[in-house]
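[1] Need a 3D model of the following:
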Amino acid sequence: MPVKPVIPRFAAVIFADDIVKLATFYAAVAGLTETDAGKGHIVVAGNGFELTLHAMPRGVPASGPPYPAREETCLKICLPVKDLAASRKAAGAHGGSLRPKTAEWEARGFRACDGFDPEGNVFQLRVPASVKPAKAPPVAARKAKR
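    Below is the predicted model:
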């Protein structure tokens, strides 16, 4: 019986100089598992998300190492994790970093912290917030205060 392909709900592609290093990093930090690999790419996935690490196209020069932190980019990948502290430790052990606990913040029911992978790409990790944020007043009430 043929296997029906499963399309992940969410996916992203990162072009990288060292796809093995980045695949190992995201597997360790975000709990993703390698699901496919081929010439020039590695796919890691989990929780309905698929991340393809693709080798930089031929002719595109490497930007490092060392790699500059690229925080102000047009796109930031946000990944759910079970524990920010454990992910912070894993990030450091695999050549990246997650900002310190003092840089964590809460919004819309999650707690988040930004970090950088070994090639300087910014990413964000999220866990459910321990305390739900207060609800904003209804729009009519905010308009009346103006």
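[2] For this protein, just list every one of the strands.
    For the chain, strands defined by DSSP state E occupy the ranges 10-16, 33-38, 41-46, 49-55, 77-80, 97-98, 105-107, 110-116, 122-128.
[3] what about the chain, any weak spots by pLDDT?
    Residue ranges of the chain with pLDDT under 70: 1-8, 61, 131-146.
[4] one step back: Serialize the strands of the chain to TSV and add fields for distance to Gly64 and mean neighbour count.
    Where C-beta positions appear, they are placed from N, C-alpha and C, glycine not excepted. Below are these laid out as TSV (distance: least, Cβ to Cβ, whole Å; neighbours: other Cβ atoms under 10 Å):
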stretch	distance to Gly64	mean neighbour count
strand 10-16	11	16
strand 33-38	23	12
strand 41-46	19	20
strand 49-55	15	20
strand 77-80	19	17
strand 97-98	15	20
strand 105-107	29	12
strand 110-116	12	19
strand 122-128	15	18
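[5] now for those, which one comes closest to Lys89?
    With Cβ to Cβ as the measure, strand 97-98 is the member of the strands of the chain nearest Lys89 (8.6 Å).
[6] Tell me how far that closest one lies from the chain's centre.
    11 Å (Cα atoms, centre = their mean, to the nearest Å).
[7] That one pairs with which strands, and in what direction?
    Strand 97-98 sits in its sheet next to strand 110-116 (antiparallel), going by DSSP bridges.
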